[in-house]
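[1] my questions are about this predicted structure, shown below with the sequence.
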Amino acid sequence: MADRIPLVDYLILEDPPHLVANECTACGARYFDRRNACAACFGTEFVKVPVDPEGEVRAFTIVSLAAPGIPVPYVAALIDCGGTSVRANVINVAADPDHVRLGMKVKLATYSLGTDEAGTEAVGFGFEPLA
Amino acid sequence: MASDDIWILGIHMTKFGKHTDRDTVDLAAEAAMGALVDAGVTMRDVGVLAAGNLMGAAGGIGQQLQKQIGQTGIPVYNVANACATGATALRVACMAVKSGEVDVGMAVGVEKLAGAGLLAGGSRKEDHKTWTPSGRYGAVAPVDGRIGTETMPGVFAQIGMEYGHRYGGTSFELFARISEKNHAHSTLNPLAAYQKRFTLEQIMGDVMISYPNTRPMCSANCDGAAAAVVVSGSKLRTMSLEQQRRAVKVAASVLTSDPWEEACQILPNVNTLTRNAAKQAYESAGVGPEDLDLVELHDCFATAELVHYDNLMLCPEGGAVDFFQSGATWRDGSTPVNVSGGLESKGHPIAATGIANVWEVATHLRGEAGDRQIPGAKVGLAHVIGLGSACGVHILEKAAV
């Protein structure tokens, strides 16, 4: 049993950590979920491609009201990683509009979600401001 | 009137708000019976019923309603299409009449939401005892709050912010000013859930839900229903002059879904499908945005209203901020938007919304809107977005009789 597991299967933990997309071999459309076919061209062949770990905040919100158990406030965002859009939180930043800006340059970062009963640590990801 | 035109013969909406002692069937019945009386017909005349109640989508609201107001054996289509459910029901009734299968159809939408909190992202499952991948992303734990947000105020906040990133000019204050307009409009609408004017400072200083949307910038969860009776042009010609005079022409009835684009499965794209629906509707009706005397659009959040000025082509592409700041969308402006108070103050009982906005426009076209009447209104547009996504656009025209 691995002692570390990613929060989602499109997060690759090997150094350096990065995201992978399912890219349609016919039209190049990219997806992060398990695919039945391509929504753009209906093709059925995909290859795994790495996603640029650096990007730019194209949209964000600061969530103050969320389900019980979710720590607020936090920054939810749409990150443009070299033409591939990624949904993620912006982390390692103060969650207020003075510290998060549209167009801000960010890079992928990982963090621990904790260790389960079997001793496995889950690892999540977000994007942090590029120093 | 051409034989194959579609007309709204009767339409009704209930007071939106908190109806503690009435269930969904009571509210649907009030709307449906009100629309029938307004139309001057009975359930015996209705050939098809399309009905929606999103939160009870498996319950068959259409047949439940029939059992209270008239079981005549006609086909019932129970529809569910997120916040576009009401518009979808109306479109189903219009299509049935357009096809020639029936002369008269009815659409009903009803919801009970008073006191509901977050409708998506309102609860999150507990983490498992062991991290085990499941689902389409192989997630080992719930992702809401860990990988972005599933809440509607948060999703639509990003949609408004993305517009700001693309074109510039947006700010917390700008979005709050849109909300200020709609709350001001609502003071003239006795059927609105809230009829309270807020100052800009009150709106910006209220509880933050998801920046930049504060509480009054979010649609109001409430109870309500709306219903419409539609009829063919050939049938309308056989009816009384009074019925013909008050009938409102459905110049366009359009429903679209979101076509694939980069990012559309990351952050829902509510823009392209609205623009596509608007283009089809203007072409079908033979009118342009400049011809619209009023617009009811889907301001589920203040951040959403801004992008739809652009999507409905009420302004030049990229020009929504300037358009709003010109005062165009206030009730005395060149293109009044959401004179009902919109979803932020009139309220948003989901499945009722896509018929209630048609009721608002139709009531102005009939010259029956009382204190909030837009003088001389002849053409109007009603728009809804259901996330996922579905977009309904109806263009309505005053009768020439």
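    Arrived safely. Numbers count the residues shown, from 1 in each chain, chains lettered A, B, ... in the order given.
[2] quick one: distance of stretch B:127-140 to the chain centre.
    Averaging C-alpha positions (Cα atoms, centre = their mean, to the nearest Å) puts stretch B:127-140 37 Å from its chain's average.
[3] can you tell me what sits against that stretch?
    Applying Cβ atoms under 8 Å, 6 or more residues apart in numbering or on different chains, the external contacts of stretch B:127-140 come out as A:5-10, A:32-34, A:113-114, A:116-118, A:120, A:122, B:141-143. C-betas here are computed from N, CA, C, even on glycine.
[4] narrow the residues you listed to those in strands?
    A:5-6, A:113-114, A:122 (DSSP state E).
[5] redo those residues as a markdown table? Include distance to chain B, neighbour count and pLDDT.
    Output for the ones in strands among the contacts of stretch B:127-140, formatted as a markdown table (distance: Cβ to the nearest Cβ, whole Å; neighbours: other Cβ atoms under 10 Å in any protein chain shown; pLDDT from 0 to 100):
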| residue | distance to chain B | neighbour count | pLDDT |
| --- | --- | --- | --- |
| A:Ile5 | 5 | 22 | 97 |
| A:Pro6 | 8 | 23 | 98 |
| A:Leu113 | 6 | 18 | 95 |
| A:Gly114 | 8 | 12 | 95 |
| A:Ala122 | 4 | 22 | 97 |
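[6] can you name the two of those that are farthest apart?
    Maximum pairwise distance in the ones in strands among the contacts of stretch B:127-140, criterion Cβ to Cβ, is 13.7 Å, between A:Pro6 and A:Gly114.
[7] overlap in contacts of those two?
    A:Ala122.
[8] excluding its backbone neighbours, what's nearest residue 24?
    With no chain named, the answer covers chain A. In space, and not counting its chain neighbours, A:Cys24 is closest to A:Cys38: 4.1 Å by Cβ to Cβ, 6 or more residues apart in numbering or on different chains.
[9] actually it's chain B I care about, not the one you picked
    In this structure, B:Thr24 finds its nearest non-sequential neighbour in B:Val110, 5.0 Å apart by Cβ to Cβ, 6+ apart.
[10] try B:Gly59
    Nearest non-adjacent residue to B:Gly59, counting by Cβ to Cβ, 6+ apart: B:Asn53, 6.8 Å away.
[11] now the contacts of stretch B:127-140: which count as buried?
    Buried members of these, counted by 16 or more other Cβ atoms under 10 Å in any protein chain shown: A:5-10, A:32, A:113, A:116, A:120, A:122, B:141-143.
[12] export those residues to TSV and tack on distance to B:Ala82?
    Below are the buried ones among the contacts of stretch B:127-140 laid out as TSV (distance: Cβ to Cβ, whole Å):
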residue	distance to B:Ala82
A:Ile5	34
A:Pro6	31
A:Leu7	28
A:Val8	25
A:Asp9	28
A:Tyr10	26
A:Phe32	22
A:Leu113	31
A:Asp116	35
A:Thr120	37
A:Ala122	32
B:Ala141	26
B:Pro142	22
B:Val143	21
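[13] from these, which two are the most distant?
    Greatest spacing in the buried ones among the contacts of stretch B:127-140, by Cβ to Cβ: A:Phe32 and A:Asp116 (23.5 Å).
[14] gap between B:Ser257 and chain A?
    Here the criterion is Cβ to the nearest Cβ, to the nearest Å. By it, B:Ser257 lies 11 Å from chain A.
[15] can you pull the pLDDT of B:Met13?
    pLDDT, B:Met13: 98.
[16] what's it in contact with, if anything?
    Taking Cβ under 8 Å, 6+ apart as the test, what B:Met13 contacts is B:31, B:191, B:224-227, B:352, B:355-356, B:359-360.
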